[in-house]
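Undergrad: Could you look at this predicted model? Sequence included:
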Amino acid sequence: MRWSSRLTLTHVNNVYYSMPQVTLGKRLMECSFADQFIAFTHSFHGTTMGSVALTRKEHYRLPFEPVMPGIKFIEHGNFEEAKKAIQHGKTAAVFIEPIQGEGGIYSATKDFLQALRAACDDAGALLVFDEVQCGLGRTGHLMTIAEPLAGGLLISVVPTTERVAAAISAGDHNRKEHYWKELVVNKLGGNLRVKEVGGFGLIVGIELDVQASPLVDARRNASLLVLTAERS
């Protein structure tokens, strides 16, 4: 058997430039609206701390309560209720699944989605279409461009406008890193059990000279999620 000496770069972090990345980006822009918290009944947006707060189904929410506050649920498809709820200066964003999956395959009408678009524009609020449950091409159209985009590779895309994209820029994570590390060091630096505070960006670790599991349990009871990682 002969092996080729040529290797194909399948995926690379977006810190680096690659032609497949550019080709994919152009194709996605051709098929979407992009140029660069209200939720609904029956909704399911995930089980991370932010997304579970937007999820209406109680059996997903209960294990994580108290969840993130400030979420208002309105009836899916009820534009009059939505119009009253979407208010300038009070509504940050509206999250909706154009086709609800976990909620029972509820499809939002085109008129309803267009009405939400207009209401959000008038209120200066973001309108977020969560389309993961739709599947990549499952409806016959290119909708989801997140989890199923690359068949298991670590690729996820969120199309947005230039105005929204301008809210975060290169280097923001580095500034937050310094703030976070300084906060941790000031709080724990004098503790004799703390050997080192390390990491990079927003991945920060605290090395202890004792087992960390009891601390993780205690932090969970205080509504703070942390993980253990054993150094070999």
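TA: Received, thanks.

Undergrad: Could I get the buried residue list for the lengthiest helix in the chain?
TA: For the chain, the longest helix by residue count, based on DSSP state H, is helix 172-188. By neighbour count with 16 or more other C-beta atoms under 10 Å, helix 172-188 contains the buried residues 177, 180-181, 184. (C-beta placed from N, C-alpha, C; glycine too.)

Undergrad: Give the rounded mean pLDDT of it.
TA: Throughout helix 172-188, pLDDT has a mean value of 79.

Undergrad: What of stretch 109-117?
TA: The average pLDDT for stretch 109-117 rounds to 91.

Undergrad: now do stretch 61-74
TA: Here the average pLDDT along stretch 61-74 is 84.

Undergrad: Would you mind putting the CA coordinates of that stretch into CSV?
TA: Included here for stretch 61-74 are C-alpha records, laid out as CSV according to Å, rounded to 0.1, in the frame of the first residue of the first chain:
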residue,chain,number,x,y,z
ARG,A,61,-35.4,24.0,33.6
LEU,A,62,-36.0,22.5,37.0
PRO,A,63,-32.6,20.8,37.5
PHE,A,64,-30.9,24.1,36.8
GLU,A,65,-33.0,26.5,38.8
PRO,A,66,-32.7,29.3,39.7
VAL,A,67,-32.0,30.0,36.0
MET,A,68,-31.0,33.3,34.5
PRO,A,69,-33.6,36.0,35.2
GLY,A,70,-35.2,38.5,32.9
ILE,A,71,-36.9,36.0,30.5
LYS,A,72,-40.5,36.5,29.4
PHE,A,73,-42.4,33.7,27.6
ILE,A,74,-45.2,34.5,25.2
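
Undergrad: pretty sure Phe129 is touching Ile99, no?
TA: No: using C-beta atoms under 8 Å, Phe129 is not in contact with Ile99; the gap is 10.0 Å.

Undergrad: So if I had to pick from the two, which one is more boxed in?
TA: A direct count of neighbours by other C-beta atoms under 10 Å for Phe129 and Ile99 places Phe129 higher, at 20 against 17.

Undergrad: Pick the one among the buried residues of helix 172-188 closest to Leu116.
TA: Checking the buried residues of helix 172-188 against Leu116 with C-beta to C-beta, the nearest one is Trp180 at 35.6 Å.

Undergrad: contacting residues around the closest residue to Gly124 other than its chain neighbours?
TA: Closest residue to Gly124 apart from its sequence neighbours, by C-beta to C-beta, 6 or more residues apart in numbering: His88 at 5.8 Å. With contacts defined as C-beta atoms under 8 Å, 6 or more residues apart in numbering, the neighbours of His88 are 122-125.

Undergrad: Pick the one among the buried residues of helix 172-188 closest to Phe40.
TA: Closest to Phe40, out of all of those and judged by C-beta to C-beta, is Trp180, at 33.8 Å.

Undergrad: ok, that closest one - contacts?
TA: By C-beta under 8 Å, 6+ apart, Trp180 lies in contact with 202, 204.

Undergrad: Please tell me how far it sits from Ile206.
TA: Going from Trp180 to Ile206 by C-beta to C-beta, to the nearest Å gives 11 Å.

Undergrad: Common neighbours of those two, please.
TA: Shared contacts of Trp180 and Ile206 (C-beta under 8 Å, 6+ apart): none.

Undergrad: So, low pLDDT: which residues of the protein?
TA: 1-17, 28, 31-36, 103-105, 132-158, 170-173, 230-232 (pLDDT under 70).
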